[in-house]
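Q: Model the structure of this input:
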Amino acid sequence: MSSVARRAAHVGAMTGISRVAGLVREQWMAYVFGTGLAKSAFDVAFRIPNLFRRLFGEGALSAAFIPVYTEVREREGPEAANTLAARVAGLLIATLSLLTALGILAALALQWRLPPGSRWSAILPLLRIMLPYAPLICLAALTMGILNARRHFTIPALAPVFLNLVWIAALAGICPFVAPDPFVRIRVVAWAVLAAGAIQVAVQLPVLARHGVPLRPRFRWRGDTRIRRILLLMAPMALGAGLVQINVCVDGILAMWSAKWAPSALEYAERLVYLPLGLVGNAFATVLLPTLSTQATQRDYDGLGATLERALRNIVVIMAPAAAGLTLLALPVVSLVYQIGDGAFQAESARQTARALAGYAPGLLVFSLYKAITPAFYALQDTRTPVRVGLFSVGCNLLLNILSVLLLPEGWKHVGIAGATVATSLLNCVTLLIILHRRT
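A: Okay, the predicted model is just below:
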């Protein structure tokens, strides 16, 4: 087995623990909230801080930071790399803290304009609580990127477990002892999410220190050409990722518009897809970027192509049967996982979620391939091509989602939203593979 495959297996095992904990978390959410309005409002609100995480954390910043950090460490030494990491951390904290404050003020202003009792007004109080999660989880993602660049994968892969553990603790240990109102209990969960963000940062800092990276944020980044270079690499990715994540948020809003239970059904289905996706797709994406970055820095393009090809073959062998099985067995799987005892998730919720899962399940293969292909472009410090391809896909996805909500019958609109995500991701993969094949 190649070193990349071994590392992917290791990260997959660690990530698998997190995904299983996430599945247990969603089982508790299903038992307590079902597919009610409180759960849907929470899902839509939680997409906003996740937007920042994808944009400034695991997405554009990490993809731009790791190749530059790896190059600086190899050519200028560890001290220069540590200084770069500290300045990036300072820039990240300052930017996201300002955006978070502005977002809370905007949510307050919008709350005053909405009629009380509407399904939309249920989202904003949860959003105000969880917005500060954005700078915390982005800082956690930066520490993950530093450790991954130094070939340490265990703790970064395990860090998300703490989110799930704190979340489960709130559901099992606090919610039963507060008022039975679901909107009161869902606020308990929102505060737990915020606490978990701080914990995910805290558990990684000692590991960074042991690796000789005392991450003390520095707020003097002006004039640093390496920061400017990261920002230039990040800009097109941020544009593309921003549009993609805004599209994800719009998907949630469209789902809420179609039915108050639809965001919950989509979220439960996504969780079942993300479990195997985290075991394989995310694992390969995590270990490929630093490996491909090193090969690109050494101008070993033959090695880069061979590494990527082996990764793609492994993904197809594993994920194609999983996608087919999950599509065919959607209803039994959903009922087995979520329909527990006399909880709030019963037969109607299972049927709604199973339809969404059948739409999402083929994406297991497609999403995994996409996660493996894009690091090749980032390692080559080509951040523009994935964005240019992605912009067209985002437009197609938004169009398909709107058509689904307008044209599909009741009870099937959310299936169209799921299917559109898979179809446009497939378009992305095919286009990127053609471009990469011509180059390498």
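Q: Check which element follows the helix or strand Leu102 falls within along the chain.
A: Using DSSP states H and E, Leu102 sits within helix 78-113. Moving toward the C-terminus from helix 78-113, the next helix or strand (DSSP H and E) is helix 123-130.
Q: Which other helices and strands does that following helix contact?
A: helix 37-52, helix 78-113, helix 182-202 (3 or more Cβ pairs under 8 Å, 6 or more residues apart in numbering; DSSP states H and E). Backbone N, C-alpha and C define where each C-beta goes, glycine included.
Q: can you state the direction angle for the helix holding Leu102 and helix 123-130?
A: In terms of direction (axes from the mean of the first three to the mean of the last three Cα atoms, to 10 degrees), helix 78-113 departs from helix 123-130 by 150 degrees.
Q: picking up where we left off before, relative to Leu171, which of the helices and strands packed on helix 123-130 is closest?
A: Nearest of those to Leu171, taken as Cβ to Cβ: helix 182-202 at 6.6 Å.
Q: Give me the contacts around the closest one.
A: Residues from elsewhere that reach helix 182-202 (Cβ atoms under 8 Å, 6 or more residues apart in numbering): 29, 32-33, 36-39, 41-42, 45-46, 122, 125-126, 129-130, 132-133, 136-137, 139-140, 143, 159-160, 162-163, 165-167, 169-171, 174-175, 178-179.
Q: What would I type in ChimeraX if I wanted to highlight the buried members of those residues and nothing else?
A: Of those, the buried ones go into a single ChimeraX selection, burial set by 16 or more other Cβ atoms under 10 Å:
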select :29,32,33,36,37,38,39,41,42,45,46,122,125,126,129,130,132,133,136,137,139,140,143,159,160,162,163,165,166,167,170,171,175
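Q: now the helices and strands packed on helix 123-130 in TSV, with mean pLDDT and distance to Val213?
A: What follows is the helices and strands packed on helix 123-130, written out as TSV (pLDDT from 0 to 100; distance: least, Cβ to Cβ, whole Å):
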stretch	mean pLDDT	distance to Val213
helix 37-52	89	23
helix 78-113	90	5
helix 182-202	95	14
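Q: would CSV of the ones you listed with distance to Ala255 be doable?
A: Formatted as CSV, the helices and strands packed on helix 123-130 follow (distance: least, Cβ to Cβ, whole Å):
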stretch, distance to Ala255
helix 37-52, 8
helix 78-113, 19
helix 182-202, 17
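Q: hey, which of these is tucked in deepest?
A: helix 37-52 (a mean of 24; mean count of other Cβ atoms under 10 Å).
Q: how far is it from where the chain is centred?
A: 13 Å (Cα atoms, centre = their mean, to the nearest Å).
Q: In terms of secondary structure, what does it contact?
A: helix 3-33, helix 78-113, helix 123-130, helix 133-149, helix 182-202, helix 225-258, helix 262-279.
Q: As CSV, these with distance to Leu391 would be great.
A: Formatted as CSV, these follow (distance: least, Cβ to Cβ, whole Å):
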stretch, distance to Leu391
helix 3-33, 29
helix 78-113, 22
helix 123-130, 27
helix 133-149, 23
helix 182-202, 30
helix 225-258, 6
helix 262-279, 23
